[in-house]
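In: curious how this folds, go ahead:
(one chain, ligands or ions: 2)
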Amino acid sequence: MSIFKRRNAIEAKTEDELRAMRKAGLVVADTLKLAREQAVAGVSTGDLDARAEEAIRSAGAIPSFLGYHGFKGSLCISVNDEVVHGVPGDRALRDGDLVSVDCGAIVQGWHGDAAVTFIVGGREHGRPEDLALMDDTESSLWDGIAALRVGGRLYDVGDAVETSIDQALLRRAAQGVVQEYGILEDYVGHGIGRQMHMDPQVPNYGVTSSGPTVPAGATLAIEPMVTLGTIETRTLEDDWTVVTTDGSRAAHWEHTVAVTTGGLWVLTAHDGGAAALAARGIACAPLLD
Ligand code: MG
Ligand code: MG
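Out: Ligands and ions are numbered 1, 2, ... in the order given. Just a heads-up that it's a prediction; the model follows:
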């Protein structure tokens, strides 16, 4: 390794390391599926968190958020105008709440990190603008992921996310559903591996520079956060929960992705990303055991 290794360079994992990270990714995928199923009206975010911790530990994994810089949960659960880093507690969920759940797990020292957004009680309880926000943010995540390729430039991800959101807004505005989308700039995606947050940062929005070149074996967490209004946020007195300053609701979607010469392997998606990548003409390339 060069002593001039740049802080911005992206670490490359071996195929065996990617297989190990897939194990952590599947624990995260399973835990998020469970949290989503259990997030019904009347359940508290603290209850959801306790069940998630149990699920993670019974899978032989460690919850990476718990104790991270003092965080008091295994999930971040962010409701309505809370964007990210929501602290689980006594809050009871209500039908129609727009909930983002972020989960991290460690298996044999390797990390997985992913987030989903859903409506409590199902889509029929969602406001039209919340459904649009949720769906368009998820699409922007996949469009950002689809911009990754070996030899490509990392900041193509943010360009793709921003283009996706811009085009979605045009469609929604024409339908009269959404007037404004804001892509957060204060919080970004990141490299991931033996640690949850590794260099480089991955902006979820377009920037003027092109960023580092993506090597084979790169593993990256892509995670757009989009609001129905401002991109200005503040942190609540719990020192964690990030809310929009204008009270607008927010969505957050995230996956941990491996980039290989064969294509992409979305480590935190049960299908490895096959369906969403196929819809975008991108090869899904899971490694066999
Ligand atoms: Mg996360
Ligand atoms: Mg992350």
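
In: for Val226, which non-adjacent residue is closest in space?
Out: Distances taken as CB to CB, 6 or more residues apart in numbering put Thr137 closest to Val226, at 4.4 Å, once the chain neighbours are dropped. (C-beta placed from N, C-alpha, C; glycine too.)

In: same question, Trp253
Out: Nearest to Trp253 is Leu141, by CB to CB, 6+ apart, at 4.2 Å.

In: any idea how far that neighbour is from Val266?
Out: Distance of Leu141 to Val266, given as CB to CB, to the nearest Å: 10 Å.

In: which residues do those two both contact?
Out: His255 (CB atoms under 8 Å, 6 or more residues apart in numbering).

In: off-centre distance for the host helix or strand of the residue nearest to Trp253?
Out: Using DSSP states H and E, Leu141 sits within helix 128-145. Centroid separation for helix 128-145 versus its chain: 12 Å, with CA atoms, centre = their mean, to the nearest Å.

In: so which bits of it are buried?
Out: Across helix 128-145, burial judged by 16 or more other CB atoms under 10 Å covers 129-145.

In: next: stretch 177-195.
Out: Result for stretch 177-195 [16+ other CB under 10 Å]: buried residues 177-178, 181-184, 187-193.

In: what of stretch 38-53?
Out: Neighbour-count burial for stretch 38-53 [16+ other CB under 10 Å]: 39, 43, 45-49, 51-53.

In: what about the helices in the stretch 101-250 of the chain?
Out: 128-145, 156-175 (DSSP state H, counting those that start in this stretch).

In: now render these as TSV, adding distance to Thr213.
Out: TSV is the format used below for the helices of the stretch 101-250 of the chain (distance: least, CB to CB, whole Å):
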stretch	distance to Thr213
helix 128-145	17
helix 156-175	11
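
In: for ligand 1, which of the ones you listed is the nearest?
Out: Ligand 1 sits nearest to helix 128-145 of all those, at 11.7 Å, using CB to the ion.

In: between helix 156-175 and that closest one, find me the angle.
Out: If you take axes from the mean of the first three to the mean of the last three CA atoms, to 10 degrees, helix 128-145 sits at 150 degrees to helix 156-175.

In: and the residue lying closest to Val178 once chain neighbours are set aside, what does it touch?
Out: Excluding the flanking residues, the one nearest Val178 by CB to CB, 6+ apart is Arg172, at 3.8 Å. If you count contacts by CB under 8 Å, 6+ apart, Arg172 has them with 132, 136, 178.

In: residues in contact with the first one?
Out: What it means is Ala132. With contacts defined as CB under 8 Å, 6+ apart, Ala132 is in contact with 168, 172, 177-178.

In: got a pLDDT number for it?
Out: On the pLDDT scale, Ala132 is placed at 98.

In: what do you get for Met1?
Out: 39.

In: over to Thr230?
Out: pLDDT, read off for Thr230, is 97.

In: which residues touch it?
Out: Taking CB under 8 Å, 6+ apart, we find Thr230 in contact with 182, 244-246, 248.

In: 6 Å instead, please
Out: 182, 244-246 (CB atoms under 6 Å, 6 or more residues apart in numbering).

In: of those, which belong to strands?
Out: Residues of the contacts of Thr230 located in strands (DSSP state E): 182, 244.

In: state the pair within the contacts of Thr230 that is farthest apart.
Out: Pairwise distances across the contacts of Thr230 (CB to CB) peak at 10.7 Å, for the pair Gly182 and Thr245.

In: what residues does the stretch 151-289 of the chain have near ligand 2?
Out: Ala221 (CB under 5 Å from the ion).

In: which residues of the stretch 151-289 of the chain lie near ligand 1?
Out: With CB under 5 Å from the ion as the criterion, the stretch 151-289 of the chain comes near ligand 1 at residues Glu254.

In: one more time with 8 Å
Out: Within the stretch 151-289 of the chain, the residues that sit near ligand 1 (CB under 8 Å from the ion) are 196, 221, 223, 254.
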